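Colleague: Compute the structure for the input listed below.
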Amino acid sequence: MSEFTILDLLDLDLKEHNHLGLTCIAGRTGLSRKITTSKLSRPGLPLSGFFEEFSNNSIQVFGRGEQVYLHKLENEHNLASVEKLFSYDIPCCVFCDGGNPSPRFASLAEDAGTAILKTELLSSDFSRRLYQTLDEVFAPTETIHGVLVEVYGIGVLITGESGVGKSETALELIERGHRLISDDTVRLRNISDNYLIGMGENPMLAHHMEIRGLGILNLANLFGVGAIRDRKQVQLSVKLEPWDSEKNYDRVGENSLHDTYLGISIPMVLIPVKPGRNIPVIIETAARNERLKKLGYYSAKEFDQSVLKWLESESARKTYYINEETH
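Modeller: Numbering: from 1, shown residues only. The predicted structure follows:
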């Protein structure tokens, strides 16, 4: 995201274990300030007067320790470090554990045009949730042409040329009890360089599907809310392509194919499409097989081992019978 402000942070619709519980209690003129990084800062050292390497472009989180130290500085009438803190163009200050700034601190924030936010969360919980939130906000993104569905708990990204049957395949999967995340366009986010999260480019349109001959379908209305979800980790890529009789397709499963999006590699399955092939069933099987791989079971490797054992046993029997005839 190119621009994200304090007001955007307050407006985020975060639910349940992700909610931040933020309210603005001072410095409302600073709500338009931009947040430019997902890093957070605990300003203990700056409050003590040490400003070298001060992360002034980060949100300043005040936990119990910082709040007690602020109270001590005010009792000593030593607010020089606080005044210097506000001389920097910091995004905002957040008081955790239900704490409140003193009137003097709030006055300095108002003069500097810096927003003061408050949350009832413990500083450790708040920092963890805020970091996860900002990490996703600032994550690198890419929009691709395809369909994202959840099949047996596996996020399956279906790609291929226009008209190859991606939406029709996804529709059959949904009729078989699986769930749609997005049709036609999928926005991918690189989360901490560890995994990909896929969602609709437009949340209002993500759960609509275009089927040639029928037009636009609202799948939530047709199949119920259980047939959709907002986002899902992408764990398997399925590429559909028209059957090429001259191409040598993998028939054993030994070839390990991968797709790379935003620098993250995910397993890929290439499925040739031709009349008579049940593509949804093949994708279901691929998803089941991917789950087995995550549990450490590799069908192709086990097949190879079984063949080798059979060949070794055949060879051993032949050697035994040859020796018997010789004697």
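Colleague: For this structure, give me the ranges with low pLDDT.
Modeller: Within the chain, the segments meeting pLDDT under 70 span 1-2, 16, 250-255, 298-304, 307-308, 311-312, 314-327.
Colleague: Output the longest strand belonging to it.
Modeller: Taking DSSP state E as the criterion, the chain has its longest strand at strand 264-273.
Colleague: Could you list the paired strands of that one along with their orientation?
Modeller: Partners of strand 264-273 in the sheet, by DSSP bridges, are strand 236-242 (parallel), strand 257-261 (antiparallel).
Colleague: Burial check on the residue nearest to Gly146 when sequence neighbours are not counted, number of neighbours?
Modeller: In space, and not counting its chain neighbours, Gly146 is closest to Thr159: 4.1 Å by C-beta to C-beta, 6 or more residues apart in numbering. The way it works is simple: take the backbone N, C-alpha and C, and place the C-beta from them, glycine included. If you count neighbours by other C-beta atoms under 10 Å, Thr159 ends up with 19.
Colleague: My understanding was that Thr159 contacts Val234; is that so?
Modeller: No: between Thr159 and Val234 there is no contact, the gap being 11.0 Å when judged by C-beta atoms under 8 Å.
Colleague: Would you indicate which residues of stretch 126-140 are buried?
Modeller: Residues Phe126, Ser127, Arg129, Leu130, Tyr131, Thr133, Leu134, Glu136, Phe138, Ala139 are the ones in stretch 126-140 that count as buried (16 or more other C-beta atoms under 10 Å).
Colleague: I'd like to know which of those are part of helices.
Modeller: In helices, defined here by DSSP state H, the members of the buried residues of stretch 126-140 are Phe126, Ser127, Arg129, Leu130, Tyr131, Thr133, Leu134, Glu136.
Colleague: Closest one to Ala26 out of the residues you listed, please.
Modeller: Within those, the smallest distance to Ala26 is 17.9 Å, found for Phe126 (C-beta to C-beta).
Colleague: how about the helices in the protein?
Modeller: Taking DSSP H to define them, one finds helices in the chain at 6-11, 44-47, 64-75, 80-85, 103-112, 123-137, 166-175, 219-223, 279-294, 299-326.
Colleague: looking at those, which is buried most?
Modeller: The highest mean neighbour count among the helices of the chain belongs to helix 166-175 (a mean of 21), with neighbours defined as mean count of other C-beta atoms under 10 Å.
Colleague: which residues sit against that one?
Modeller: When contacts are defined by C-beta atoms under 8 Å, 6 or more residues apart in numbering, helix 166-175 is touched by residues 146-147, 149, 151, 158-160, 180, 183-184, 209-211, 217, 219, 223, 227, 240, 279-280, 283-284.
Colleague: who's in contact with the longest strand of the chain?
Modeller: Contacts of strand 264-273 from elsewhere in the structure, counted by C-beta under 8 Å, 6+ apart, are 157, 160, 164-165, 190, 193-196, 234-244, 247, 249-250, 256-260, 277, 279, 282-283, 286, 290, 293.
Colleague: Check stretch 184-193 too.
Modeller: Surrounding stretch 184-193, the residues in contact under the criterion C-beta under 8 Å, 6+ apart are 135-136, 139-148, 157, 167, 196-202, 209-210, 234, 261-264.
Colleague: Repeat that for stretch 33-51.
Modeller: Outside of stretch 33-51, the residues that reach it under the criterion C-beta under 8 Å, 6+ apart are 3-6, 8-9, 54-63, 65-66, 69-70, 73, 80-82, 84-85, 89, 91-92, 113-115, 123, 127, 130-131, 134-135, 137-138.
Colleague: what do you get for stretch 110-122?
Modeller: Judged by C-beta under 8 Å, 6+ apart, the contacts made with stretch 110-122 from elsewhere in the structure are 6, 10, 20-31, 33, 63, 86-87, 90-101, 105-106, 109, 126, 129.
Colleague: what would the ones in helices among the buried residues of stretch 126-140 look like in CSV with distance to Leu45?
Modeller: Conversion of those to CSV gives the following (distance: C-beta to C-beta, whole Å):
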residue, distance to Leu45
Phe126, 20
Ser127, 16
Arg129, 24
Leu130, 20
Tyr131, 19
Thr133, 25
Leu134, 22
Glu136, 28
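Colleague: Can you pull up the most central residue in the protein?
Modeller: In the chain, the C-alpha nearest the mean C-alpha coordinate belongs to Ile197, at 3.3 Å (C-alpha atoms, centre = their mean).
Colleague: Run a quick neighbour tally on the closest residue to that one other than its chain neighbours.
Modeller: Spatial nearest neighbour of Ile197, excluding adjacent residues (C-beta to C-beta, 6+ apart): Arg189 at 4.6 Å. The number of residues packed near Arg189 is 21, by other C-beta under 10 Å.
Colleague: what about stretch 67-82, start to end distance?
Modeller: 12 Å (C-alpha to C-alpha, to the nearest Å).
Colleague: If you could redo that for stretch 72-84, that was the one I meant.
Modeller: Terminal residues of stretch 72-84 lie 17 Å apart, using C-alpha to C-alpha.
Colleague: chain center to that stretch: distance?
Modeller: Using C-alpha atoms, centre = their mean, to the nearest Å, we find the averaged C-alpha position of stretch 72-84 to lie 42 Å away from the chain's own average C-alpha position.
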